[in-house]
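Q: Structure of the sequence below:
(one chain, ligands or ions: 2)
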Amino acid sequence: MGYINLALRMAREAGELIREYVDGEFTVEEKSSKVDLVTEVDQKSENFIRNRIHEYYPDHKIVGEEGVAGGDDLNVIAESDDYIWIIDPIDGTTNFVHGLPGYTVSIALSYKKEVILGVIYDPTLDEMFWAEKGKGSFLNSKRMTVSEKDHMEGCVLATGYPSDVEGDRAKVIENIHALGPVCSNIRTFGSAALHLAYTASGRMEGFWEHGLNVWDVAAGYLIVKEAGGAATAITGEAYSLTTRGIVASNGNIHENLIESINEN
Ligand code: IPD
Ligand code: CA
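A: Ligands and ions are numbered 1, 2, ... in the order given. Purely as a prediction, here's the structure:
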């Protein structure tokens, strides 16, 4: 099976697996803090995706959120030029634990440190956002492009509240002080991948967040770029697989957004 078809199939099947647990019982544990959660469903979803990749491409490397939490080496991301599958088995675990919608499966494939495909699946709405490098972005089977708005006062933005409460979350709250009064509104749906997908689809104009991880962002980065948008580090530097703070937008408001975020 080709890479993109495999990625689409894995994301959909992992999404179906996750949905089976939504109203049922599952264990929940804390990772780095009380607000950084993991469930047995995150682990099941990641194992399912890993097994599928091994079946088709046993030589490819895999970096998954739960594998890294269990001690896998994250440095391959910066060091290896091989094919690397980058997995967030549930992005938006807090939503999933609370029975809220807005959690996704996010899968990217990188080669020579460049993201070459990305898929983000929202099982609640059965929406698949996906892109291959150089081939455009799609929502299910329909091509999508970013919005054309160019005045901040008409723009809807999104951000997230990172689990590092004193550091990254405090920075986000400061940024909201700067951006809140000048944009149309700010949303926090609870999944960075979903925020990137919505920016790519033109439903929103921009997204930023500090302290994210490669599995939250890699797929969404490519989907935004292929939809005609911009995605960079919060500093404005080019995105790389080691970028932690990200700004993504329709392109028109990108500089303005970066300026406001770096104001304080
Ligand atoms: C989280 C989500 C959330 C963001 C957090 C992430 P997780 O990922 O993307 O929107 O605000 O910073 O950690 O833990 O649910 O995979
Ligand atoms: Ca996750």
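Q: Residues contacting stretch 182-189, please?
A: When contacts are defined by C-beta atoms under 8 Å, 6 or more residues apart in numbering, stretch 182-189 is touched by residues 92, 95, 102, 152-161, 176, 179-180, 195, 198, 204, 260. C-beta coordinates here come from the backbone N, C-alpha and C atoms, glycine included.
Q: among these, which ones are buried?
A: 92, 95, 102, 152, 155-161, 176, 179, 195, 198, 204, 260 (16 or more other C-beta atoms under 10 Å).
Q: What about these, which are in helices?
A: Among these, DSSP state H puts 95, 176, 179, 195, 198, 260 in helices.
Q: check contacts around the first one.
A: Same thing as Asn95. Applying C-beta under 8 Å, 6+ apart, the residues near Asn95 are 101-103, 189-191.
Q: confidence score at Glu65?
A: Glu65 is assigned 96 on the pLDDT scale.
Q: show me the residues around it that make contact.
A: Glu65 is in contact with 42, 46, 87-89, 213, 215, counting by C-beta under 8 Å, 6+ apart.
Q: Same list, the residues you listed, but as a markdown table with pLDDT, secondary structure and neighbour count please.
A: Compiled in a markdown table, the contacts of Glu65 are given as follows (pLDDT from 0 to 100; DSSP: H, G, I helix; E, B strand; the rest coil; neighbours: other C-beta atoms under 10 Å):
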| residue | pLDDT | secondary structure | neighbour count |
| --- | --- | --- | --- |
| Asp42 | 96 | helix | 27 |
| Glu46 | 98 | helix | 25 |
| Ile87 | 98 | strand | 29 |
| Asp88 | 98 | strand | 32 |
| Pro89 | 98 | strand | 29 |
| Asn213 | 97 | coil | 19 |
| Trp215 | 98 | helix | 26 |
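Q: Can you tell me which of those is closest to ligand 1?
A: For the contacts of Glu65, the minimum distance to ligand 1 (C-beta to the nearest ligand atom) is 5.3 Å, reached by Asp88.
Q: Return the residues of the stretch 1-150 of the chain in contact with ligand 1.
A: 65, 88, 91-93 (C-beta under 6 Å from any ligand atom).
Q: Let's see that with 8 Å instead.
A: Selection of the stretch 1-150 of the chain residues close to ligand 1 by C-beta under 8 Å from any ligand atom yields 36-38, 42, 65, 88, 90-96, 103.
Q: from those residues, which is closest to Leu74?
A: Nearest to Leu74 out of those is Glu65 (C-beta to C-beta; 10.0 Å).
Q: can you tell me how far the closest one sits from Val224?
A: 20 Å (C-beta to C-beta, to the nearest Å).
Q: do stretch 206-218 and ligand 1 meet?
A: Yes - counting by C-beta under 8 Å from any ligand atom, contacts between stretch 206-218 and ligand 1 involve 209, 211-213, 215-216.
Q: ok, the closest residue to Asn250 other than its chain neighbours - how many residues close by?
A: Counting by C-beta to C-beta, 6 or more residues apart in numbering, the nearest residue to Asn250 once its immediate chain neighbours are dropped is Val146, at 3.8 Å. Val146 is flanked by 25 other residues according to other C-beta atoms under 10 Å.
Q: Tell me which helix or strand Val146 sits in.
A: Using DSSP states H and E, no element contains Val146; it sits outside every helix and strand.
Q: Assess the claim that Tyr83 and Tyr57 are in contact.
A: Yes - counting by C-beta atoms under 8 Å, Tyr83 does reach Tyr57; the two are 7.0 Å apart.
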